[in-house]
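>>> The amino acid sequence is not available; the structure is as follows:
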């Protein structure tokens, strides 16, 4: 086994990943403590040392992964994310780029990569983006149509929330989230008693249907990701078996070749 293979076995090992998770948690706590002026005044030096130590560990980990996996390192989007976050943390604390150092807290998001259940959820969310975009377009279309109808129905009531298209869109978006829709409806019903018909119809379509469709798309993506996970595990195991067979074949063929050359001599 070469040095590169040994480094790869270490950085991909379970114990090493648990160590990195521990460092991430400690670093997250330290960054949170830095937001307290009292803690900074009392333990500012210790917090700075903890941050520097965590950054050193993260940089060493990325260097080891780059050495072990070479160009394969960049095929994993999570590795690229880690590289960007750690690179931001290495920026100088002074100068025009010092503002970006406030993004150091993004290192906490590396827990998503380390914890399989979190990684599965994020992967499902990414896969559901096309469906969510389509539903978002449909929701915007519903908001626009509802706003035009609401302006024509309720502008004469003198309510500022239905005075123009922008205000009406904002009001309908508020109603879609379920925030204070009954107050808006009852205020209008003082002038127009049948205003409840519009609000009930809009809530049935906009809230009970559209928002539940968003949840359905995400749940479907998560179920698809969960069902495909065993297949990926089997493929990894098959690939590992193939590598072992190739290694055994190479070990067996080498002595045979050497013995044949010795007999020929």
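The structure has been received and is ready for your questions. The structure displayed is predicted, hence computed values, not measured ones. Residues are numbered from 1 along each chain as shown.
>>> Residue 2 and residue 67: what is the separation?
Applying CB to CB, to the nearest Å, the value for residue 2 to residue 67 is 11 Å. Backbone N, C-alpha and C define where each C-beta goes, glycine included.
>>> Comparing those two, which residue is more hemmed in?
The residue with more neighbours, out of residue 2 and residue 67, is residue 67; 14 against 7, by other CB atoms under 10 Å.
>>> Burial check on residue 20, number of neighbours?
The tally of other residues near residue 20 (other CB under 10 Å) stands at 20.
>>> helices and strands around the helix or strand where it lies, which ones?
Taking DSSP states H and E as the criterion, the element that holds residue 20 is helix 14-33. Identification of packing neighbours for helix 14-33 by 3 or more CB pairs under 8 Å, 6 or more residues apart in numbering; DSSP states H and E yields helix 37-69, helix 110-114.
>>> buried residues in the last one?
Neighbour counts over helix 110-114 (16 or more other CB atoms under 10 Å) mark 110, 112-113 as buried.
>>> do stretch 43-59 as well
Within stretch 43-59, the residues that count as buried by 16+ other CB under 10 Å are 43, 47, 50-51, 54-55, 57-58.
>>> In JSON lines: those, plus pLDDT and distance to residue 104.
JSON lines is the format used below for the buried residues of stretch 43-59 (pLDDT from 0 to 100; distance: CB to CB, whole Å):
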{"residue": "43", "pLDDT": "87", "distance to residue 104": "18"}
{"residue": "47", "pLDDT": "87", "distance to residue 104": "12"}
{"residue": "50", "pLDDT": "88", "distance to residue 104": "12"}
{"residue": "51", "pLDDT": "85", "distance to residue 104": "8"}
{"residue": "54", "pLDDT": "87", "distance to residue 104": "9"}
{"residue": "55", "pLDDT": "85", "distance to residue 104": "8"}
{"residue": "57", "pLDDT": "89", "distance to residue 104": "14"}
{"residue": "58", "pLDDT": "87", "distance to residue 104": "10"}
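>>> what's the farthest-apart pair in those residues?
Across the buried residues of stretch 43-59, no pair lies farther apart than 43 and 58, at 21.6 Å, counting by CB to CB.
>>> sorry, back to before: run the angle between the helix holding residue 20 and helix 37-69 for me.
150 degrees (axes from the mean of the first three to the mean of the last three CA atoms, to 10 degrees).
>>> and residue 169, what is it in contact with?
Residues in contact with residue 169 (CB atoms under 8 Å, 6 or more residues apart in numbering) are 143-144, 147.
>>> Run the chain-centre distance for the one helix or strand it maps to.
Using DSSP H and E, residue 169 falls within helix 165-176. From the chain centre to the centre of helix 165-176 is a distance of 29 Å (CA atoms, centre = their mean, to the nearest Å).
>>> How about stretch 19-34?
Computed by CA atoms, centre = their mean, the chain-centroid distance of stretch 19-34 equals 19 Å.
>>> Over to stretch 109-126?
Worked out by CA atoms, centre = their mean, stretch 109-126 lies 6 Å from the chain centre.
>>> again with stretch 50-61
Taking CA atoms, centre = their mean, one finds the center of stretch 50-61 at 22 Å from the center of the full chain.
>>> Residue ranges of each domain in this protein, please.
3-114, 129-245 (automatic domain parsing).
>>> rewinding a little: so after the helix holding residue 169, what's the next helix or strand?
Of the helices and strands lying after helix 165-176 in sequence (DSSP H and E), the nearest is helix 181-189.
>>> what's in contact with that next one?
Helix 181-189 is contacted from outside by 154, 157, 159, 161, 171, 174-175, 195-196, 199, 203, using CB under 8 Å, 6+ apart.
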